[in-house]
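Participant: here's a sequence, model it:
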Amino acid sequence: MKNKIVLFFVAAVVLMALPLFVQQIGQGWVRILAIALLYVLLALGLNIVVGYAGLLDLGFVAFYAVGAYMYALMASPHLIENFEWFKATFPNGLHTPIWVVIPAAAALAGLAGVLLGLPVLKLRGDYLAIVTLGFGEIIRVLMNNLEHPVNITNGPRGLDRIDPMTVFGFSFGKPHEFFGITVAPVTMYYWLFLVLVVFSVVICHRLELSRIGRAWMAIREDEIAAKAMGINTRNMKLLAFGMGATFGGVSGAMFAAFQSFVSPESFSLMESVMIVAMVVLGGMGHLPGVVLGALLLAALPEVLRYVAGPLQAATDGRLDASILRQLLIASAMILIMLSRPRGLWPAREHGKAAPADATRKGAA
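Facilitator: Alright, predicted model coming up:
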């Protein structure tokens, strides 16, 4: 127990100090770390739906978009400029603090998750994937077209001038000085995202060990058997969709504050596919594996920019850097799945799937 506490303490110190050393190389690397943490938050949410409950969701990016646009509307001058009644009610605009944003984003995205879950309760496999995929595209197209006749989302132009996160007047969008060290805004956001990720990991771990988590896993393994054992599969599925969506909503709100700009282009189908790939490549249903998969796939495309550029220069521009980068990412994913079909860090096998030698040791 003492060794675990020491290990956690050392890991916390390293993670907190990491951006202070990385920012000496360049703020771009700290930004990559911050975005990677956002993807970890998204992957943890999708893992509840896919890894725990076994429900394939290809439209998870929709909840990401819901949270991002909610924060953008609550923390930008867009509503004041387009609605006179709103300007009369809030002449200075809505400058939403973080303790309002996080619960609101979680609640709104959770409601969207339940609304998605209601019509797909009896669907499985490919049919469920197609419906959730359609839901994700509906949200993106909706955000792209809610400009006429009433301008709500500003259409494809997106929403800008979004306020940074604030806590009791403390702004994450400004540099601050601590003990003589100047900390850039991107580092402040990194620390905020790190706190949210740690909190989310604790929640997911407790859920996994709870009766709810075990009910989800029973549904994943055999829904008919779970129903025969008295599990309310309908409510459990809705709870999985709702709980997973809350993570997406909070991530979206953080993304909007971090970027200060949102548009429908940020919530394409490719984003959903990448989030699913993070969960699958890391190890479905296993928290350390999901975190590892999310960090790897979030950081890999950015790191490969520094590889694709020199390769393009070496070939006198005959190879396009962006296409080459996508090729390298796809090749890495294929190699991982061929060598580790259950993921980079899968959960240990149990029950009938456990290896024979492990079963003998357990019996002994």
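Participant: can you give me the helices for the stretch 51-200 of the chain?
Facilitator: For the stretch 51-200 of the chain, the helices defined by DSSP state H, counting those that start in this stretch cover 61-74, 78-82, 84-89, 98-117, 125-145, 185-209.
Participant: any chance of the ones you listed in TSV, plus distance to I25 and mean pLDDT?
Facilitator: Every C-beta, even on glycine, is put in place using the N, C-alpha and C of the backbone. Shown next, in TSV, are those (distance: least, Cβ to Cβ, whole Å; pLDDT from 0 to 100):
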stretch	distance to I25	mean pLDDT
helix 61-74	29	95
helix 78-82	36	90
helix 84-89	44	87
helix 98-117	29	91
helix 125-145	35	91
helix 185-209	13	94
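Participant: quick check, R305 in contact with R325.
Facilitator: Yes: assessed by Cβ atoms under 8 Å, R305 is found in contact with R325 at 6.3 Å.
Participant: please name the nearest non-neighbouring residue to G283.
Facilitator: Leaving out its chain neighbours, the residue that sits closest to G283 by Cβ to Cβ, 6 or more residues apart in numbering is G289, at 2.6 Å.
Participant: let me know the pLDDT of the one you found.
Facilitator: As predicted, G289 sits at a pLDDT of 93.
Participant: isn't H205 up against V290?
Facilitator: No: in terms of Cβ under 8 Å, H205 does not count as a neighbour of V290; the distance is 11.4 Å.
Participant: more crowded one of these two?
Facilitator: Each of H205 and V290 has its neighbours counted (other Cβ atoms under 10 Å); V290 has more, 30 against 12.
Participant: just the pLDDT for the residue nearest to the spatial centre of the chain.
Facilitator: In the chain, the centroid-proximal residue (Cα atoms, centre = their mean) is L42; its distance is 1.3 Å. L42 is assigned 96 on the pLDDT scale.
Participant: buried stuff in the host helix or strand of it?
Facilitator: Following DSSP states H and E, one finds L42 within helix 27-47. For helix 27-47, the buried set under the neighbour-count rule, 16 or more other Cβ atoms under 10 Å, comprises 29-47.
Participant: with stretch 140-147 instead?
Facilitator: In stretch 140-147, counting by 16+ other Cβ under 10 Å, buried: 140, 143-144.
Participant: tell me the contacts of I275?
Facilitator: By Cβ atoms under 8 Å, 6 or more residues apart in numbering, the contact list for I275 reads 39, 42-43, 46, 60-61.
Participant: could you check the angle the helix ranked longest in the chain makes with helix 61-74?
Facilitator: For the chain, the longest helix by residue count, based on DSSP state H, is helix 233-259. For helix 233-259 against helix 61-74, the angle by axes from the mean of the first three to the mean of the last three Cα atoms, to 10 degrees is 50 degrees.
Participant: now helix 233-259: how far from the chain's centre is it?
Facilitator: Taking Cα atoms, centre = their mean, to the nearest Å, one finds helix 233-259 lying 9 Å from the centre of the chain it belongs to.
Participant: same check on stretch 54-67?
Facilitator: 9 Å.
Participant: convert that stretch to PDB, retaining C-alpha atoms only.
Facilitator: The C-alpha trace of stretch 54-67 is given here as PDB (Å, rounded to 0.1, in the frame of the first residue of the first chain):
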ATOM      1  CA  GLY A  54     -20.500  -3.400 -25.200                       C
ATOM      2  CA  LEU A  55     -22.600  -0.800 -27.200                       C
ATOM      3  CA  LEU A  56     -20.800   0.300 -30.400                       C
ATOM      4  CA  ASP A  57     -21.100   4.100 -30.700                       C
ATOM      5  CA  LEU A  58     -19.700   5.800 -33.800                       C
ATOM      6  CA  GLY A  59     -21.400   9.200 -33.100                       C
ATOM      7  CA  PHE A  60     -19.700  10.000 -29.800                       C
ATOM      8  CA  VAL A  61     -18.300  13.200 -31.300                       C
ATOM      9  CA  ALA A  62     -21.900  14.600 -31.200                       C
ATOM     10  CA  PHE A  63     -21.700  15.000 -27.400                       C
ATOM     11  CA  TYR A  64     -18.300  16.700 -27.800                       C
ATOM     12  CA  ALA A  65     -20.000  19.200 -30.200                       C
ATOM     13  CA  VAL A  66     -22.900  19.700 -27.800                       C
ATOM     14  CA  GLY A  67     -20.600  20.700 -24.900                       C
END
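Participant: hmm, who's touching stretch 281-289?
Facilitator: Applying Cβ under 8 Å, 6+ apart, the external contacts of stretch 281-289 come out as 43-44, 47, 50-52, 201, 204-205, 208, 217, 220, 290-294, 296-297, 333, 336-337, 342-347.
Participant: run the last query once more with 7 Å
Facilitator: Residues outside stretch 281-289 that contact it (Cβ atoms under 7 Å, 6 or more residues apart in numbering) are 47, 50-52, 201, 204-205, 290-294, 297, 333, 336-337, 342-347.
Participant: among those, which ones are buried?
Facilitator: Buried members of the contacts of stretch 281-289, scored by 16+ other Cβ under 10 Å, are 47, 50-52, 201, 204, 290-294, 297, 333, 336, 343-347.
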